[in-house]
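**Q** Next comes the sequence, and after it the predicted model I'd like to discuss.
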Amino acid sequence: MSAKGLAAIARKFHEPLSIEEMQFPDPAPNEVLVKMIVSGVCHTDLHAVNGDWPIQPPLPFVPGHEGVGIVVQAGSAVKNLKEGDRVGLPWLHQACGYCEWCLSGWETLCPKAVFGGYSANGSFAEYAIASAAYAIPIPADLSSKAAAPILCAGVTTWKALKQAELQAGNWVAISGIGGLGHLAIQYAQAMGLNIAAIDVADDKLALARSLQANLVIDARKTDPAEFLQQKIGGAHGVILTAPSQAAFREGLGMTRRKGTCVLVGLPAGDLPIPIFDMILRGITLRGSLVGTRNDQVEALSFASHAQVIAEIHLRPFREVNEALTGLANAKVTGRTVLTFE
Ligand code: NAD
Ligand code: ZN
Ligand code: ZN
């Protein structure tokens with residue numbers, strides 16, 4: 001079988017994706033060809049299309065790493081999937097499987113990892129190639145559109161919360177209540193945490209309120225660090241998801257003595273670290289990158305039990321550029337999910 005279909009291709013940074021007919025390769029022995037049903041649109045796709053980060057994706061490429069589709073062709077050596085299976089195409093397209101990090105349950109940190117929609121073509125296309133071992137089986141009782149945002153926004157915040165090493169009853173501050181943050185609130189609730197939600201946009205603050213975050217802080221009006229130190233003595237864990245340097249500057253200040261501040265959002269640039277303050281207050285600062293295949297199973301399970309429900313806005317695939325512009329202008333509440341015919 002040889003598949004032809006539309007793909008949204010980044011040919012130049014900072015330019016709209018070009019929607020073109022593309023010939024998709026046959027899967028290699030360990031790969032599957034997937035026909036896309038839906039794909040979430042992550043803020044990372046916007047960073048990728050703009051070439052924001054020190055390591056840029058090689059042009060041209062197809063972005064997208066929250067794809068859900070059906071296996072239409074399996075490579076000759078594939079044993080774990082067959083035609084007709086429904087799978088997710090996540091950020092971790094492939095890892096080596098034998099390095100120190102792959103062997104110790106940290107495959108996302110594999111130095112040879114390939115990233116979907118970045119260093120491999122992703123899910124903004126009618127078809128995509130997945131590495132069979134790294135495609136994520138979607139639980140039968142979860143719809144494709146509900147599953148898509150879990151594959152990045154969900155698993156990333158679930159993993160970040162686990163990495164904050166919190167206990168039920170602790171406070172977590174979640175800065176940035178976008179695609180990631182609105183799911184972080186729900187995972188944190190499932191973990192029995194108290195939640196302070198911080199954002200700078202009215203619709204995101206309203207979403208945090210409707211999700212019943214315990215404290216909702218508008219960072220345009222209130223300094224979240226000062227407020228949280230005074231009100232609760234700082235949060236035991238802080239999850240920074242906003243793609244904003246300003247939000248990161250507030251992060252350590254929001255953290256309680258001995259607490260953990262987890263960096264998740266990826267604004268371009270660097271930040272100075274207040275060494276004295278961090279040492280005297282015993283703060284842990286930690287980076288967190290998406291989640292492993294096992295984290296995906298856990299994150300999807302919360303969704304299939306309706307403990308975590310993404311707020312989604314469906315758009316036809318052809319409107320992918322409008323979806324990205326909406327993200328750039330902070331006009332998306334929850335997650336945009338592209339639908340394919
Ligand atoms: P999004 O655009 O849906 O949400 C961002 C939110 O941050 C919005 O609600 C926005 O209003 C809010 N915000 C902006 N400035 C703020 C400020 N100063 N204070 C508080 N909130 C502020 O984006 P998203 O899809 O949720 O992605 C967020 C970031 O996470 C991006 O940088 C993305 O690349 C990154 N990301 C990282 C990982 C990882 O593994 N570490 C995975 C996925 C996404
Ligand atoms: Zn993402
Ligand atoms: Zn490896």
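**A** Noted; the coordinates are in hand. Fair warning: this is a prediction, and the values are worked out from it, not measured in the lab. Ligands and ions are numbered 1, 2, ... in the order given.
**Q** So in this structure, which strand runs the longest?
**A** Ranked by number of residues, the top strand in the chain under DSSP state E is strand 31-41.
**Q** Could I get the buried residue list for that one?
**A** 31, 32, 33, 34, 35, 36, 37, 38, 39, 40, 41 (16 or more other Cβ atoms under 10 Å). (Glycine included, C-beta is placed from N, CA and C.)
**Q** which residues are in contact with stretch 209-217?
**A** 174, 182, 185-186, 189, 194-199, 205, 208, 224, 227-228, 231-232 (Cβ atoms under 8 Å, 6 or more residues apart in numbering).
**Q** now with 6 Å?
**A** The list of residues contacting stretch 209-217 from outside it, by Cβ atoms under 6 Å, 6 or more residues apart in numbering, reads 185, 194, 195, 196, 197, 198, 205, 208, 224, 227.
**Q** Same question for stretch 63-81.
**A** Contacts for stretch 63-81 (Cβ under 6 Å, 6+ apart): 1, 27-40, 45, 48, 82-83, 85-86, 88-91, 116-117, 122-124, 132, 138, 144, 147-148, 151-152.
**Q** circling back to that earlier point, got a winner among the contacts of stretch 209-217 for most neighbours?
**A** residue 198 (32 neighbours; other Cβ atoms under 10 Å).
**Q** Are we agreed that it is in a strand?
**A** Yes - applying DSSP: H, G, I helix; E, B strand; the rest coil, one finds residue 198 inside a strand.
**Q** That one touches residue 218, doesn't it?
**A** No - using Cβ atoms under 6 Å, residue 198 is not in contact with residue 218, being 8.1 Å away.
**Q** Retrieve the pLDDT associated with the residue lying closest to residue 287 once chain neighbours are set aside.
**A** Spatial nearest neighbour of residue 287, chain neighbours left out: residue 263 (4.9 Å); criterion: Cβ to Cβ, 6 or more residues apart in numbering. Residue 263 is assigned 98 on the pLDDT scale.
**Q** neighbours around residue 263, how many?
**A** 19.
**Q** helices or strands up against the longest strand of the chain?
**A** Packing partners of strand 31-41 (3 or more Cβ pairs under 6 Å, 6 or more residues apart in numbering; DSSP states H and E): strand 67-74, strand 127-131, helix 144-147, strand 335-339.
**Q** Now with 7 Å, please.
**A** Packing partners of strand 31-41 (3 or more Cβ pairs under 7 Å, 6 or more residues apart in numbering; DSSP states H and E): strand 67-74, strand 127-131, helix 144-147, helix 320-328, strand 335-339.
**Q** List the contacts of the residue nearest to residue 158 when sequence neighbours are not counted.
**A** Leaving aside its chain neighbours, residue 158 sits nearest to residue 299 (4.3 Å; criterion: Cβ to Cβ, 6+ apart). If you count contacts by Cβ atoms under 7 Å, 6 or more residues apart in numbering, residue 299 has them with 150, 154, 155, 158, 291.
**Q** pretty sure residue 299 is in a helix, no?
**A** Yes - counting by three-state DSSP, residue 299 is part of a helix.
**Q** so the closest residue in space to residue 284 that isn't next to it in sequence is in which element?
**A** Spatial nearest neighbour of residue 284, chain neighbours left out: residue 260 (4.3 Å); criterion: Cβ to Cβ, 6+ apart. Assigned by DSSP states H and E, residue 260 belongs to strand 255-263.
**Q** In this structure residue 118 contacts residue 48, no?
**A** Yes - with contacts counted by Cβ atoms under 7 Å, residue 118 reaches residue 48, the gap being 5.5 Å.
**Q** got any residues that touch both of those two?
**A** With Cβ under 7 Å, 6+ apart, residue 118 and residue 48 have common neighbours residue 57.
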